[in-house]
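Enquirer: Here is the input, now give the coordinates:
(one chain, ligands or ions: 1)
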Amino acid sequence: MEEIKFFKPSEPYGEFSNFYYTPVILLNEIWPTVEHYVQSIKFEDVNLWDRIKVMKAPQDVANLSSKLQHKLRPDWEDVKDAIMLKAVKAKFFQHHRLKKILLETGDATIIQHNPNDNYWADGGDGTGKNKLGLILMHVREQLLEISKDPDLILPPWIMFPNNDRGGMFWNMGWGEDYIMEWSRFVDQFGAEAYRNLFPEPLDWEGTYN
Ligand SMILES: Nc1nc(O)c(N)c(N[C@@H]2O[C@H](COP(=O)(O)O)[C@@H](O)[C@H]2O)n1
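Expert: Next up is the predicted model:
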């Protein structure tokens, strides 16, 4: 079985790192990286979230969080896997390019290779739990259930299920760019054929007209 190991964002498969710079929309807000989101949610104090969200480097975010361990929400150990899954899923559903990279790993085992982390990574010698690698493979399965074709651009209601069609998100920046890229893809693919794969839900009715 092929193994894919990753760690630093600048290295091969660095896109899988939580430190990789790519925005994610969660809780109706845009977070600069998965790391910014996960480290914020560790705390109940939302003022800390605002402080973290504007920090540039994910490493600085992780350093600040480790200094604030005494302020951790009491249930963190119970909820951390679910929160990480939610954030990683958002990242790979919200970005077609990243979704494609993940799907193109086929059935390879994905491993976060970090000697300093026995939980999210392999501990350097394979004794770690590699939870982030397991979560990435789980998200890959979820994507495969929707389509096995890495090049297929998925409909906005699947990529961004929490963004209402009538919302401002679709009229500017990232949301508008996504709709334009998706529309071009649907035209090339053939609207009827695409619609057969992905009939629009009620609130997106008229999209293919
Ligand atoms: N690229 C990279 N650099 C580091 O220095 C790292 N520690 C990681 N790993 C990520 O760091 C987070 C650690 O979470 P906890 O503070 O233990 O809760 C986690 O997102 C790892 O994936 N990556």
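
Enquirer: quick one: contacts for the residue nearest to Met55 when sequence neighbours are not counted?
Expert: What sits nearest to Met55 in space, not counting adjacent residues and going by C-beta to C-beta, 6 or more residues apart in numbering, is Val61, at 5.1 Å. Every residue, glycine included, has its C-beta placed from N, CA and C. The contact partners of Val61, taken as C-beta atoms under 8 Å, 6 or more residues apart in numbering, are Thr33, Glu35, His36, Gln39, Ile52, Met55.

Enquirer: Report the contact partners of the first one.
Expert: Just to be clear, that refers to Thr33. Asn18, Phe19, Tyr20, Tyr21, Thr22, Pro23, Val24, Pro58, Val61.

Enquirer: How about the fifth one?
Expert: Ile52 makes contact with His36, Gln39, Ser40, Val61, Leu64, Ser65, according to C-beta under 8 Å, 6+ apart.

Enquirer: ditto for Tyr20
Expert: Contacts of Tyr20 by C-beta under 8 Å, 6+ apart are Pro9, Gly14, Thr33, Val34.

Enquirer: and if we set it to 10 Å?
Expert: Counting by C-beta atoms under 10 Å, 6 or more residues apart in numbering, Tyr20 touches Phe6, Lys8, Pro9, Ser10, Tyr13, Gly14, Thr33, Val34, Glu35, Pro58, Lys91, Leu98.

Enquirer: secondary structure class for it?
Expert: Secondary structure state of Tyr20, per DSSP: H, G, I helix; E, B strand; the rest coil, is coil.

Enquirer: do the same with Pro150
Expert: From three-state DSSP, the assignment for Pro150 is coil.

Enquirer: Backbone dihedrals for it, please?
Expert: Backbone geometry at Pro150, expressed as degrees, to the nearest 10, gives phi -70, psi -20.

Enquirer: Also Ile4?
Expert: Torsion angles, degrees, to the nearest 10, at Ile4: phi -120, psi 120.

Enquirer: So in terms of bridging, what pairs with it?
Expert: Ile110 (DSSP bridges).

Enquirer: in the helix or strand hosting Asn63, what's buried?
Expert: Remark: Asn63 resides in helix 58-67, with elements defined by DSSP states H and E. Of the residues in helix 58-67, those with enough neighbours to count as buried (16 or more other C-beta atoms under 10 Å) are Pro58, Val61, Ala62, Ser65.

Enquirer: Redo those residues as TSV? Include distance to the ligand and pLDDT.
Expert: Below are these laid out as TSV (distance: C-beta to the nearest ligand atom, whole Å; pLDDT from 0 to 100):
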residue	distance to the ligand	pLDDT
Pro58	7	97
Val61	9	98
Ala62	5	97
Ser65	6	97
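
Enquirer: Closest one to Trp204 out of those residues, please.
Expert: Using C-beta to C-beta, Pro58 comes nearest to Trp204 of the buried residues of helix 58-67, at 34.2 Å.

Enquirer: Around the ligand, which positions in this structure sit nearby?
Expert: 7-9, 17-19, 35, 38, 59, 62, 65, 112, 114, 117, 120, 132 (C-beta under 6 Å from any ligand atom).
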